[in-house]
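1. What shape does this take:
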Amino acid sequence: MTPRTETIIPASARGLVPNRWDLIALPLVLGLIALLAGAARQMAVPFALDHPVTLSTDVAALPGYALRTTLRMLVALVCSLAFSFCYAPLAAKSVRAGQILIPVLDILQSVPVLGYISFTVTGFIALIPGSLLGVEAAAIFSIFTSQAWNITFSLYQALRTVPHDLREAAYVFRLNGWQRFWRLEVPFAMPGLIWNAMVSMSGGWFFVIASEAITVGHAQVTLPGVGSYIALAVARQDLGAVGYAVVTMLIVIVLYDQLMFRPLVAWADKFQMDPSPRDDAPQSWVLRLLRRTRLLRLFVHPVLRATTAAINARLPQGALKAMPVPGLRLSGRWLDGAWYGLLGLCAALLSVWVVHAIDSTVGWLEVVRAASLGMITAVRVILLTVLCGLIWVPIGVYIGLRPRVAEWVQPLAQFLAAFPANVVFPFVVPLVLVYRLNPSVWLSPLLVLGAQWYILFNVIAGASAFPRDLKDAWASFGVRGWLWWRKLILPGVFPFLLTGAITAFGGAWNASIVAEIVSWGDTTLVATGLGSYVAEATRAGDYPRIGLGVGIMVIYVVAFNRLLWRPLYSLAERRLHAD
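-> Residues are numbered from 1 along each chain as shown. Sure thing, here's the model as predicted:
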């Protein structure tokens, strides 16, 4: 009888042997990388303006189009996060920088997507001539402009409202500025940041049609994607193709919810301020799968160790102190005076240039007309934003306090937030025509079709981050009803609600360009307002009127931000944050 021999694997090599979870995770990860790499390779094909890209409404083309659109949105999201992590800390931590950066952010948020496309696409094409990559960069940049400002405002709001006891703990542990940012401020901001990245990703779908069908002079460049597919289907009045596009969007949103956002929400739950264990914590099958792998974790481990070492790096003592400048001894009062004087000089020079440009191009009567149209759009935006707040704040609080409910609502809300306004046109246009309705009234709800979700997602983030011990303490006293809302929940979610309201307000102004002039086939409905003014000027290629309309829109949004939102931000920083 031959004795049985057993193969003994050394402990050092055991980690190199994949387990059963690796057999699922590795093909999944490698397959996703291969798909995205294939789509990226198609972005760099040769291109010329006189040979446009041909599109098809065949349903077989939709998977490839969906992959191209998803890649553009992922690249734009990564760029938005990188921008936010550079911009928001500087604006939040430096008083003088914040005096410039926050008004600039207000302006950037208020410039519509069509405004960015109109003035930047030629530069991107000239930057990368002879390749489709130039047009792809222009499309990615336009999607970036629909995502970045919301994420930046979310991070800025979190950095300004870190509880004082956490700041004191960081001081006790002698964390320098670099460590305090990565070990305190970013973890505190992470739950809200992920929810805002989620709604920004979905919000990008709302403007994806404008981003994938770009006008360059008198030529129109259409990129393969779901947005351009919908635009072509709407132009051909093909309801079947519109339906296929909607189903494809739903599938894509569910996939990136399951593969990206759900794992991030479950991972970020450890950063909640509530230290007590929860039975209803968010779960993710992808996160559990990745945590159980052996070979995949072995590959990722060196990256995690290097990242941890970089975050925990202790700078030399005094490295963050300002270096003295020999011969320059100015008090803070003189520095402030010089700074404000420089700002005033820049504002005066800009005003002179604007006055000269108006005199030499559109004239002052056109300015008055555009300003009056802006007032009409402003009334619509204000009324609809307030109405959305009244509807979605109670719903968002209910969802945020129940993580199990949030798991089911999350993909549905992402899908609704991603629903492009153009998809609704086949139902709105015939309804307005048949019943002879006033377009200026009945097209107004399209303004908040995408913007309302910023309020919902931010309120969900605020309610889910609310400390459980405070809720339990108030519950033990039997506090309910309006007192519970007024004294506990509304103050607790107010900073998050404020971020959602600001981005929803700016998003509604952006959406006015899409919502105030709608087409279905050869039929076009126009609502009176600044959005339709800019859209018509864009179609005509009238750059002076485009600039005027965008400028008036910027003035309105910045004025509201300065007079309403900034004082509310100051109130949230002083009194309405968890401590």
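2. what's in contact with stretch 179-186?
-> Residues outside stretch 179-186 that contact it (CB atoms under 8 Å, 6 or more residues apart in numbering): 89, 158-159, 162, 166-167, 169-170, 175, 311-314. Using the backbone N, CA and C atoms, a C-beta is placed for each residue, glycine as well.
3. other SSEs contacting the helix ranked longest in the chain?
-> Longest helix in the chain by number of residues, with DSSP state H as the criterion: helix 364-400. Judged by 3 or more CB pairs under 8 Å, 6 or more residues apart in numbering; DSSP states H and E, helix 364-400 is in contact with helix 403-417, helix 452-464, helix 490-515, helix 530-540, helix 543-560.
4. Could you give me the buried positions within it?
-> 366, 370, 373-374, 376-378, 380-381, 384-385, 388-389, 392-393, 396-397, 399-400 (16 or more other CB atoms under 10 Å).
5. Can you classify Pro282 by secondary structure?
-> coil (DSSP: H, G, I helix; E, B strand; the rest coil).
6. okay, now it: neighbour count?
-> When counting by other CB atoms under 10 Å, one arrives at 20 neighbours for Pro282.
7. list the contacts for it?
-> Arg262, Val265, Ala266, Asp269, Pro403, Ala406, Glu407.
8. now Leu166
-> Leu184, Phe188.
9. Spell out the secondary structure type for it.
-> Classified using three-state DSSP, Leu166 is helix.
10. Quick check: the gap between it and Phe188.
-> The spacing between Leu166 and Phe188, counted by CB to CB, to the nearest Å, is 7 Å.
11. got a markdown table for the contacts of Pro282, with pLDDT, distance to Ala148 and neighbour count too?
-> As requested, those are exported to a markdown table (pLDDT from 0 to 100; distance: CB to CB, whole Å; neighbours: other CB atoms under 10 Å):
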| residue | pLDDT | distance to Ala148 | neighbour count |
| --- | --- | --- | --- |
| Arg262 | 87 | 23 | 22 |
| Val265 | 85 | 21 | 24 |
| Ala266 | 86 | 25 | 19 |
| Asp269 | 81 | 25 | 19 |
| Pro403 | 79 | 28 | 19 |
| Ala406 | 80 | 25 | 22 |
| Glu407 | 77 | 27 | 18 |
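12. Now flag whichever of those residues is closest to Ala347.
-> Ala347 has its nearest neighbour among these in Val265, at 43.1 Å by CB to CB.
13. Can you tell me the closest non-neighbouring residue to that closest one?
-> Pro282 (5.1 Å; CB to CB, 6 or more residues apart in numbering).
14. ditto for Ile143
-> Distance criterion CB to CB, 6+ apart; nearest residue to Ile143, sequence neighbours excluded, is Ala76 at 4.0 Å.
15. thought the one you found was touching Phe144?
-> Yes. Assessed by CB atoms under 8 Å, Ala76 is found in contact with Phe144 at 4.3 Å.
16. got the residue ranges for the strands in the protein?
-> 213-216, 219-222, 517-520, 523-526 (DSSP state E).
17. buried ones in the second one?
-> Okay, so that is strand 219-222. Neighbour counts over strand 219-222 (16+ other CB under 10 Å) mark Val221, Thr222 as buried.
18. same question, stretch 17-25
-> Using 16+ other CB under 10 Å as the test for burial, stretch 17-25 gives Trp21, Asp22, Ala25.
19. Please verify my assumption that Glu212 contacts Tyr65.
-> No. With contact defined as CB under 8 Å, Glu212 and Tyr65 do not form a contacting pair (9.1 Å).
20. Give me the common contacts of these two.
-> With CB under 8 Å, 6+ apart as the test, Glu212 and Tyr65 both reach Pro224, Gly225, Ser228.
21. Out of the residues you listed, which sit inside helices?
-> Ser228.
22. closest to His301 among the shared contacts of Glu212 and Tyr65?
-> Closest to His301, out of all of those and judged by CB to CB, is Gly225, at 36.9 Å.
23. what's the neighbour count on that closest one?
-> For Gly225, the count of nearby residues is 26 (other CB under 10 Å).
24. Now do the contacts for it.
-> Gly225 makes contact with Tyr65, Ala66, Arg68, Thr69, Arg72, Ala139, Val208, Glu212, according to CB under 8 Å, 6+ apart.
25. I'd like to know how many residues surround the fourth one.
-> So the one you mean is Thr69. Neighbours of Thr69 under the rule other CB under 10 Å: 28.
26. try the last one
-> Using other CB under 10 Å as the criterion, Glu212 is surrounded by 28 other residues.
27. how much space between it and Ala231?
-> With distances taken as CB to CB, Glu212 is found 7 Å from Ala231.
28. Next, show the common contact partners of these two.
-> Thr222.
29. Of the helices and strands packed on helix 364-400, which stretch is the most buried?
-> When you average the neighbours per residue for each of the helices and strands packed on helix 364-400 (mean count of other CB atoms under 10 Å), helix 452-464 leads with a mean of 29.
30. What is the neighbour count of Phe83?
-> Neighbour count for Phe83, taken as other CB under 10 Å: 16.
31. and if you look at the one 10 residues further on?
-> By the other CB under 10 Å criterion, the neighbourhood of Lys93 contains 14 residues.
32. pretty sure it is touching Leu159, no?
-> Yes. At 7.2 Å, Lys93 counts as touching Leu159 under the criterion of CB under 8 Å.
33. Which neighbours do those two have in common?
-> Going by CB under 8 Å, 6+ apart, no residue sits against Lys93 while also sitting against Leu159.
34. which pair in the contacts of stretch 179-186 spans the largest distance?
-> Pairwise across the contacts of stretch 179-186, and taking CB to CB, the largest span is found between Ala158 and Arg314, at 24.2 Å.
35. one step back: among the contacts of stretch 179-186, name the ones in helices.
-> The members of these that map onto helices under DSSP H are Pro89, Ala158, Leu159, Leu166, Arg167, Ala169, Ala170, Ile311.
36. out of those, who has the most neighbours?
-> Ala158 (27 neighbours).
37. my guess is Phe466 meets Leu401, correct?
-> Yes. Applying CB under 8 Å as the test, Phe466 and Leu401 come out as touching, 7.3 Å apart.
38. So for these two, which sits in the more crowded spot?
-> Phe466 (20 against 17).
39. For that one, which non-adjacent residue is spatially closest?
-> In space, Phe466 is closest to Gly492, 4.9 Å off (CB to CB, 6+ apart).
40. Report the separation between the one you found and Leu287.
-> 27 Å.
41. related to what we said a few turns ago, most surrounded residue in the contacts of Gly225?
-> Ala139 (31 neighbours).
42. Could you save the buried residues of stretch 17-25 as TSV and add columns showing pLDDT?
-> Shown next, in TSV, are the buried residues of stretch 17-25 (pLDDT from 0 to 100):
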residue	pLDDT
Trp21	85
Asp22	85
Ala25	86
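43. Sitting in helices, which of those residues do you find?
-> Short answer: these in helices (DSSP H) are Asp22, Ala25.
44. possible to save the buried residues of stretch 17-25 as JSON lines with distance to Ser154?
-> Below are the buried residues of stretch 17-25 laid out as JSON lines (distance: CB to CB, whole Å):
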{"residue": "Trp21", "distance to Ser154": "34"}
{"residue": "Asp22", "distance to Ser154": "35"}
{"residue": "Ala25", "distance to Ser154": "30"}
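45. Let me know the closest of the buried residues of stretch 17-25 to Val247.
-> Ala25 (28.0 Å).
46. Quick check: the closest one touching Leu289?
-> Yes. Counting by CB under 8 Å, Ala25 touches Leu289, with 5.4 Å between them.
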